[in-house]
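A.B. asks: let me see the structure of the following:
(chains A, B, C and D)
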Protein chains: 2
Amino acid sequence: MGKPDTRARIQGAAAMLFRRYGYSATGLKRIATEADAPFGSIYHFFPGGKQQLAEQMIRTSGTEYGRLVLALLDSVPDPAESLVHAFEAAADDLAAADYADACPIGTVALEVASSNEGLRIATAEVFEEWVGAATEWFSRWVAEPKAAQSLAYSMIMMLEGAFMLSRAARDPEPLRVAGRSMAELLRTAIAGAGED
Amino acid sequence: MGKPDTRARIQGAAAMLFRRYGYSATGLKRIATEADAPFGSIYHFFPGGKQQLAEQMIRTSGTEYGRLVLALLDSVPDPAESLVHAFEAAADDLAAADYADACPIGTVALEVASSNEGLRIATAEVFEEWVGAATEWFSRWVAEPKAAQSLAYSMIMMLEGAFMLSRAARDPEPLRVAGRSMAELLRTAIAGAGED
DNA sequence: GTCTATAACATGATAGAC
DNA sequence: GTCTATCATGTTATAGAC
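C.D. replies: You can find the predicted model right below:
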């Protein structure tokens, strides 16, 4: 098990830096340094330069992170407890990473929304992917499709907002509050399904 | 009513650009151009340069935006309806601004969280300020202080996350979903207060 | 106080030797 | 494929004329 090849190291370094510091603040030189790769290799493997590097990381890390979160939601049988548990895990991970590594695409998404159409679309498609997967998950307990989708949107929005507040305050508590609120929202949706 | 003085124009241009494009992507030269002010004036009025400009904008725009949101929440008597209405207004405003002007400090907050301690603290203090004000508002309908604070946190996190998804997708729907979820959360908190 | 010029440096990107 | 040197440009910041 030698170290990963140059291309993989560049991709990994780019993912780490874009996630922590965002798109504009991350220079290609720093990516090369962090990847322990010569500068020219970046353009050898990624002819599209910074934009291509960012787009691939958005799609790759985005898909991967979506799977990670969804997997976390199946670690406990009760769905409301699962939500609390998942946000709790996110809180612990964030604190352990010294509040650096939260959502891999959140920072970039806000940065590029009004300035880089290609990257904006990439982030939008990842979010859509997450909403779809989360909607399926919620549909196991909430029959009404629109209700399940609303819960999916809410979960992702709450997670992104909680990352923002937790990172700013260097405090895991917002993420925990978010988890409890999502659990409450799900319980209400389940209980309210029979009404009308 | 002449145009605002140089200092105010610089502050205004900085606030607009930081809000739309973030901290790193916004250059002082562009701020000067947009403010129709000579470059040197920036350092004349803001000797601390970019950092000072950003910190003042975080605190000023942050406080102002907090008041704006809170004021929006008092436009309708019923609190749950107020939440829906406030998020609806945010959705309309965002769409009208072509998805450029959302939360004035959200993008910067994520960007600087792991790279600029001074600005990170400024964003954290603004969020804390918002949570405090929102907790007071929720306390009018939810007696338990911890429950009111949780709702306050949830509202701000949901708003920030909704801005992210709405901007990425160029679609106001996430903000509307967020509003309905918050209304649901508040109704549950009010209804559940009598239990135990 | 207003404005211009420029220093000192970093950036994304490219060319071309090896 | 690997790596270095360099280009053109943009950055923050400063110096100094007016």
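A.B. asks: how about the helices in chain A?
C.D. replies: Along chain A, counting by DSSP state H, helices occupy A:6-21, A:28-35, A:39-45, A:49-72, A:79-96, A:106-112, A:117-139, A:145-169, A:173-192.
A.B. asks: how about A:Ala169, nearest residue that isn't a chain neighbour?
C.D. replies: If the residues on either side of it in the chain are set aside, A:Ala169 comes closest to B:Ala124, at 4.6 Å by CB to CB, 6 or more residues apart in numbering or on different chains. Yep, even glycine has a C-beta here, placed from its N, CA and C like the rest.
A.B. asks: which residues does the one you found contact?
C.D. replies: A:168-170 (CB atoms under 8 Å, 6 or more residues apart in numbering or on different chains).
A.B. asks: so, low pLDDT: which residues of chain A?
C.D. replies: A:1-3, A:194-196 (pLDDT under 70).
A.B. asks: give me the most central residue, it.
C.D. replies: The geometric centre of chain A, computed from its C-alpha atoms, lies nearest to A:Cys103 (CA atoms, centre = their mean), at 3.6 Å.
A.B. asks: separation between it and chain B?
C.D. replies: Between A:Cys103 and chain B the distance is 9 Å, computed by CB to the nearest CB, to the nearest Å.
A.B. asks: that residue contacts A:Gly66, correct?
C.D. replies: No: the pair A:Cys103 / A:Gly66 is not scored as a contact, 10.4 Å apart, by CB atoms under 8 Å.
A.B. asks: and for A:Gly40, the neighbour number?
C.D. replies: By other CB atoms under 10 Å in any protein chain shown, 9 other residues sit near A:Gly40.
A.B. asks: same check on A:Thr123?
C.D. replies: Counted with other CB under 10 Å, A:Thr123 comes out at 28.
A.B. asks: wait, what's in contact with it?
C.D. replies: Per CB under 8 Å, 6+ apart, neighbours of A:Thr123: A:58, A:62, A:105, A:108-109, A:112-113, B:168.
A.B. asks: same thing but 10 Å
C.D. replies: A:54-55, A:58-59, A:62, A:105-106, A:108-113, A:116, B:164-165, B:167-169 (CB atoms under 10 Å, 6 or more residues apart in numbering or on different chains).
A.B. asks: for A:Pro79, same thing?
C.D. replies: A:73, A:137-138, A:140-142, A:151, A:183, A:186-187, A:190.
A.B. asks: give me the buried entries from these.
C.D. replies: Among the contacts of A:Pro79, those classed as buried by 16 or more other CB atoms under 10 Å in any protein chain shown are A:73, A:137-138, A:141-142, A:151, A:183, A:186-187, A:190.
A.B. asks: may I see these arranged in a markdown table, with distance to A:Ala80 as well?
C.D. replies: Listed next are the buried ones among the contacts of A:Pro79 as a markdown table, based on distance: CB to CB, whole Å:
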| residue | distance to A:Ala80 |
| --- | --- |
| A:Leu73 | 11 |
| A:Trp137 | 13 |
| A:Phe138 | 11 |
| A:Trp141 | 9 |
| A:Val142 | 12 |
| A:Leu151 | 11 |
| A:Ala183 | 4 |
| A:Leu186 | 5 |
| A:Arg187 | 5 |
| A:Ile190 | 8 |
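A.B. asks: for chain B, tell me which of the residues you listed show up nearby.
C.D. replies: A:151, A:187 (CB under 10 Å from any CB of the partner chain).
A.B. asks: tally of neighbours for the closest residue to A:Val108 other than its chain neighbours?
C.D. replies: For A:Val108, ignoring the flanking residues on the chain, the nearest one in space by CB to CB, 6+ apart is A:Tyr23 at 4.8 Å. Neighbourhood size, A:Tyr23 [other CB under 10 Å]: 26.
A.B. asks: cool, A:Ala122 as well?
C.D. replies: With other CB under 10 Å as criterion, A:Ala122 counts 24.
A.B. asks: enumerate the residues of chain A near DNA strand D.
C.D. replies: Chain A comes close to DNA strand D at residues A:6, A:37-41, A:44, as judged by CB under 7 Å from any atom of the strand.
A.B. asks: repeat the analysis, applying 6 Å as the threshold.
C.D. replies: A:6, A:38-41, A:44 (CB under 6 Å from any atom of the strand).
A.B. asks: from those residues, list the buried ones, please.
C.D. replies: Applying 16+ other CB under 10 Å to these flags A:Thr6 as buried.
A.B. asks: what is the nearest of the residues of chain A next to DNA strand D to chain B?
C.D. replies: A:Phe39 (20.4 Å; CB to the nearest CB).
A.B. asks: how about that closest one, what does it touch?
C.D. replies: A:28-29, A:31-33.
A.B. asks: against B:Arg170, how distant is the residue of chain A found nearest DNA strand D?
C.D. replies: Minimum separation of chain A from DNA strand D (CB to the nearest atom of the strand) falls at A:Gly40, amounting to 2.6 Å. When CB to CB, to the nearest Å is the yardstick, A:Gly40 and B:Arg170 sit 37 Å from each other.
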